[in-house]
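test case, fold it:
(chains A and B)
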Number of protein chains: 2
Amino acid sequence: LVERALTRILTPGTVLEEDQLDPRSGSWLAALNWDKKGLHAAWVDLSAGIFEIASEERPEDLVSCLDALSPTEIVVPAAIFQQDLPEEVEWLLKRSIVTQLDREETESRDPAGELCQTLGVLSLEGFGIDAEHPAVPSAATLIRYSSEMLRRTPGNLNRLSWRRLDETVRVDSATLRNLEIFEVTKGGRSGSLIDCFDQCVTAAGSRLLERWFANPVRDVPELHRRQSLISIFHDRTIQASDLRAALRQTRDLSRILSRLQNRIRNPREIGGIRDTLRQLPEILSGLQILEDEKATDLANRIGEFAELKEILEKTMAEELPGKLNDGGVIRDGYDEVLDRVRSLARNARTWVAEREQEEREKTGIKNLRIKYNGSFGYFIEVTKANVHLVPDEYVRKQTMTNAERYYTEDLKEKEKEILNAEDKAIAREEEIFQGVVDRVLTDADGLRRTAEALAETDLLIAWADLSRMRGYVRPEIDDSLEIDIENGRHPVIEESLRSSPEGIAGADSFVPNSCALSSESHQIAVLTGPNMAGKSTYIRQVALIAFLAHTGCWVPADRCRIGWIDRIFSRVGASDELARGHSTFMVEMNETANILNNSSERSLIILDEIGRGTSTYDGLSIAWAVIENLHGQGPRGPRTLFATHYHELTRLEDSLPRLRNFSVSVKEWNDQIVFMRQVIPGAADRSYGIQVARLAGIPVPVIDRAKEILEALEGGSTATNAPQQS
Amino acid sequence: LVERALTRILTPGTVLEEDQLDPRSGSWLAALNWDKKGLHAAWVDLSAGIFEIASEERPEDLVSCLDALSPTEIVVPAAIFQQDLPEEVEWLLKRSIVTQLDREETESRDPAGELCQTLGVLSLEGFGIDAEHPAVPSAATLIRYSSEMLRRTPGNLNRLSWRRLDETVRVDSATLRNLEIFEVTKGGRSGSLIDCFDQCVTAAGSRLLERWFANPVRDVPELHRRQSLISIFHDRTIQASDLRAALRQTRDLSRILSRLQNRIRNPREIGGIRDTLRQLPEILSGLQILEDEKATDLANRIGEFAELKEILEKTMAEELPGKLNDGGVIRDGYDEVLDRVRSLARNARTWVAEREQEEREKTGIKNLRIKYNGSFGYFIEVTKANVHLVPDEYVRKQTMTNAERYYTEDLKEKEKEILNAEDKAIAREEEIFQGVVDRVLTDADGLRRTAEALAETDLLIAWADLSRMRGYVRPEIDDSLEIDIENGRHPVIEESLRSSPEGIAGADSFVPNSCALSSESHQIAVLTGPNMAGKSTYIRQVALIAFLAHTGCWVPADRCRIGWIDRIFSRVGASDELARGHSTFMVEMNETANILNNSSERSLIILDEIGRGTSTYDGLSIAWAVIENLHGQGPRGPRTLFATHYHELTRLEDSLPRLRNFSVSVKEWNDQIVFMRQVIPGAADRSYGIQVARLAGIPVPVIDRAKEILEALEGGSTATNAPQQS
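Residues are numbered from 1 along each chain as shown, chains lettered A, B, ... in the order given. Predicted structure coming up:
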């Protein structure tokens, strides 16, 4: 048994090995703390060298931000569980792999100092972070924990960013789930929005997509930058497709660097860097040829690394082994010493090969063979039938069923020579290789910047490509308080219909619908119409288009203008929340309360069937009061889509100046209903519940009687004055 | 490589091995066929020798029957998929492991003849089954498939039963799930009704419970029989507890028999039969001492098997090995031949043991050892230090790092003697053992009857015990059309509250509630009251009590009288059905249509919130018409509990003579609500939705405005005449 020193401890959040990471998804290790000042968090992707902190008074905001990252491991001080945690934090921790740390692992006299040391800076101020920032201790905890697991300080962190949640469009956890951004309700990525928009050719591109989806921004110039680049790639199809072909040949630079910087080194990965560097000139000229300012900016973030490339070309063999010990890492002709020992070994091997023929001739044994195996080295094998021909100088080594094996003194001699030379060659290769790795790491910062720019190029080309294929448009994003979508479509449903034209009964292709909202004039759209007509799809589609616009992506519509949004809220269905143990109605009211308490005039709100879990009048009164509150007395309010079965609410158009009625159109044909899936102005005249009931098999006499009752109700009988059975 | 003949093919539905079966659950293999005459099925539990068929025109009835069994494997003719299958059948097949069979495996010229041969009868008429019964081919398919897998005809089937669904209380799949009979909505058995009622001490008892739950019966005399036995065990606590202690010592007779009859034989299982037989006298006298006619009937189904027991006692060793080859199966003193070879082996082993001491003295090697291992047999081991003392007659056999191993001629001799004797002993044991197994199988029928009676005794004692511990009563079941429950409780919630007194906020123990329904007078109970007050719990509890009463079990109430029920219907929540891809409202209407189309005046119906998925007036009209339809024009209708948020429906009391209003009481205190969980006559005056909304954090101005609107609505504003914002 060989004693080995402990070199690494593997935990879900600190793995770096290629085969243990999902290439298309970030690998986040997070640290949390909760105190009187709020919730504080730090998170790091060691495999990509990204390191961020955030701190929020209201824990739910930070929880949904972390939820979008979905960290593979969360470390928390064990003491955190001695207090009452906010429900959201408990929920997050329940969904994650949590590592509890003792006090000595989480407390530090000088967390900021520790961070500075690891990041190689004198102060955090360069990152715009004060030493007293409440999330700094969490960041220090992360560094201490990672160092403990890696058995050394992470070598690839040199930047700490402060994620200011008020610079992003906040999308709470319930809404992420309701809108199926990262995964669908029944679980899994397939069918989610991100799945629909991931057509990157590099893993780093997919990971960037994930980060941009987790972090939609309010920064209009940044959104314009992304859009413009998509626009260029959209128009210059051939150049974009050339760029894409070159990108396809690149390797996962940032993850390779992270492994090299943390002492996980293998020759093939250096080969990956070389392969990537080989593509850079083409990518650079591909971007420059576009003669666009923003594309040039992108190109400027990509280095050439001509010197490094030359070194790699000169030193590294073309075909590289997976392990250093296998030999053949360094090119012939690069190093004299290496070439000499290699030729020694080669000559000795030739000598052995020639020897076989010689021995055959000498002994007259035609099937004499010189073989090699790991435990015995070189030996001469003679079949039993020819043993009598064996000369005296052969020494017997091993008896087989059908043959005898021998060695000779000069064979042994050569064997030693070969092994010796090979050992020397490998030692020399190792020496050179470490030098190469060290040389690569002197360019680490530039390479990392380049990796980021390549990922961005990949993602934006992918988006440009799918925008062209699917007929998306570039949304205008401005400081207005409006949303104006012409012929918008639900991106996921549209694509699934395209791939199976009979996906939804009777629908051949997706029916587009427009939407116009404005905080100052048509602020609230009340949407009525029968079940199954597509109300939920419509309000979700508007929210998805708004979401996409804030990632920089183009959107499924003919035209789209959106005044930037600070938060997207949704209250649609509550089935998955039921597991938390509340009654449906309680969940509905909780989510509604969150909206009323936290929305601003810059928010977008979609509400589906408020007030369903209680009695008619109670529910109606609550829905009514909620709408009035969202409308407010002032000149503005949050842009709101409100789908409802309470036809009574359509009356609010008379009293609330910024409210408009819409409905989903339905045609009646022989007392059957045909869904047109068209959103039109005005309240629905009927909700067709009775027709649906008939389709479902309710007996005809019951249907007829229900119609009678409905007519009586609509004819003005008050609720307390019910129709009598005829 | 040894060539082995294929002896068995293992499929999920044909395993018999103990370690692959859940001891507390049946293992059902089913065959299905679907043709113009309806759905036909056969199912067999090979591990217990139970074999049944059924055939129904309406596939859903048979599907829910199969769903309750939850077969581990279903075989179907591959051709079945060439036609449109009923949705229910597709749903069932999707949830199961399905094996498709070719035509030649499913078609037969004479299926009835094949069945007769396997069952060892001349005609199926003895089982009340016509040779032309449409499910007979499915039964024959099952036999053919099992025979193929077992590589012989199943040896333990001798009875075929026809499950007539109109003799059972039909409970459709949706209701089984809604009421959480076999598993809870979120998955798993824990927390289900069956889990709450399984306190059997034998696995066969638990399996019988599962069958009785899957098969609640309308057969009043049979229910009375079960109840009476529970009653006796309930009153004679000491005797019941003695019986239970004896039952705890029995083994799983029916599964052991099935394995023996299908050539899976191991000594320990024969020991299990012996252990069980040993308990029979005590169990028999324990039943007879009760001096009760029904207990005596039970005792009469239990054999004594005195002769078999004597044989087992005489032949089988007390401690039995798991495999025949291990030897030691047959008792010393039973067989002369066996005793002789055993003593030969024993003497030789003694000789070897004594030899070690002798050799030590002879050679002077103190640490000399005689050892044995499987590949070398006996050998003498001497440590390297003492090798110089080894005498000449030792022959070197093997060199170890620290020792040399030797043999001597006489040691080899003895070794042969021992091995020879041991082989002979095992051969002889095998011979005797096979005789014993054959002898056991001559009593197979009696043993199987006994096993059934023991399972019943176990289950009924378990139910008697939990009825006493939990204060259950014996329900009266008669031919009336009434349900009269005094102070009923929800069995599962009551138990969970008992184990954690703070399970539901503020509730220390379960609040009992009565229920009185009658097809002819108070047929329909309309239940109003606020959310979270317990409406759903109450209507479920009534259905559960009715269900339990039809299994023979006692029920959680102070008094209970039920006129037998033909079907239990429910329409409560639809979340799990949404996976089938319908909108909520469509599912709701489908289930409602099923109820209206298939209920009779003997049915029990519970409905929770009909009409919620559509507009207020549509939903109200439908709910209204549904109630009128269930009430009907005639003198009788199905017993119905209807929980609703439509307060308007309480008005129906005026027009429908057999409808009564009830509500769940709530106290208001400082504008807060306190749930009393008491069902009282009369309509609820309010539904408190607004109070719940306040609890959920809706801002106070919105709450106040909602109250204003509510007052206006209730004050008689018609729906088309909405209150204006003040």
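
mind telling me what element A:A427 is part of?
helix A:409-442 (DSSP states H and E).

and A:I50, what does it touch?
A:26, A:44, A:161 (CB atoms under 8 Å, 6 or more residues apart in numbering or on different chains). The way it works is simple: take the backbone N, C-alpha and C, and place the C-beta from them, glycine included.

so what pLDDT did A:V89 get?
Model confidence at A:V89, given as pLDDT, is 89.

what about it, distance to A:R571?
Per CB to CB, to the nearest Å, A:V89 is found 22 Å from A:R571.

follow-up on the earlier one: packing partners of the helix holding A:A427?
Applying 3 or more CB pairs under 8 Å, 6 or more residues apart in numbering or on different chains; DSSP states H and E, we find helix A:409-442 packed against helix A:253-261, helix A:267-288, helix A:306-315, helix A:336-363, strand A:377-383.

out of those, which is closest to B:L607?
helix A:253-261 (57.8 Å; CB to CB).

avg pLDDT for that closest one?
Mean per-residue pLDDT for helix A:253-261: 91.

what does stretch A:510-522 give?
According to the model, stretch A:510-522 has a mean pLDDT of 93.

gap between A:E336 and B:A706?
Distance, A:E336 to B:A706, by CB to CB: 89 Å.

hmm, back to that, can you pull the buried residues of the helix or strand just after the helix holding A:A427?
Counting by DSSP H and E, the next helix or strand C-terminal to helix A:409-442 is helix A:444-470. Using 16 or more other CB atoms under 10 Å in any protein chain shown as the test for burial, helix A:444-470 gives A:444, A:447-448, A:450-468.

the helix or strand just after helix A:444-470: which residues count as buried?
Under the assignment DSSP H and E, the closest C-terminal helix or strand after helix A:444-470 is strand A:476-478. Neighbour counts over strand A:476-478 (16+ other CB under 10 Å) mark A:476-477 as buried.

next: stretch A:517-526.
So stretch A:517-526, judged by 16+ other CB under 10 Å, has buried residues A:517-519, A:522-526.

got phi/psi on A:G26?
phi -70, psi 160 (degrees, to the nearest 10).

among the contacts of A:I50, who's most crowded?
Neighbour counts for those (other CB atoms under 10 Å in any protein chain shown) peak at A:V44, which has 28 neighbours.

now do the strand or helix carrying it: which elements does it pack against?
Assigned by DSSP H and E, A:V44 falls within strand A:38-45. Counting contacts by 3+ CB pairs under 8 Å, 6+ apart, strand A:38-45 packs against strand A:29-35, strand A:50-56, helix A:59-69, helix A:136-150.

and of the contacts of A:I50, the nearest to chain B?
Here the nearest of these to chain B, counting by CB to the nearest CB, is A:G26; it sits at 30.4 Å.

distance of that closest one from A:F127?
Separation of A:G26 from A:F127 (CB to CB): 20 Å.

what's the answer for A:S138, then?
Distance from A:S138 to A:F127, by CB to CB: 15 Å.

more neighbours, those two?
Each of A:S138 and A:F127 has its neighbours counted (other CB under 10 Å); A:S138 has more, 26 against 17.

just checking, the more buried one touches A:L39?
No. In terms of CB atoms under 8 Å, A:S138 does not count as a neighbour of A:L39; the distance is 9.8 Å.
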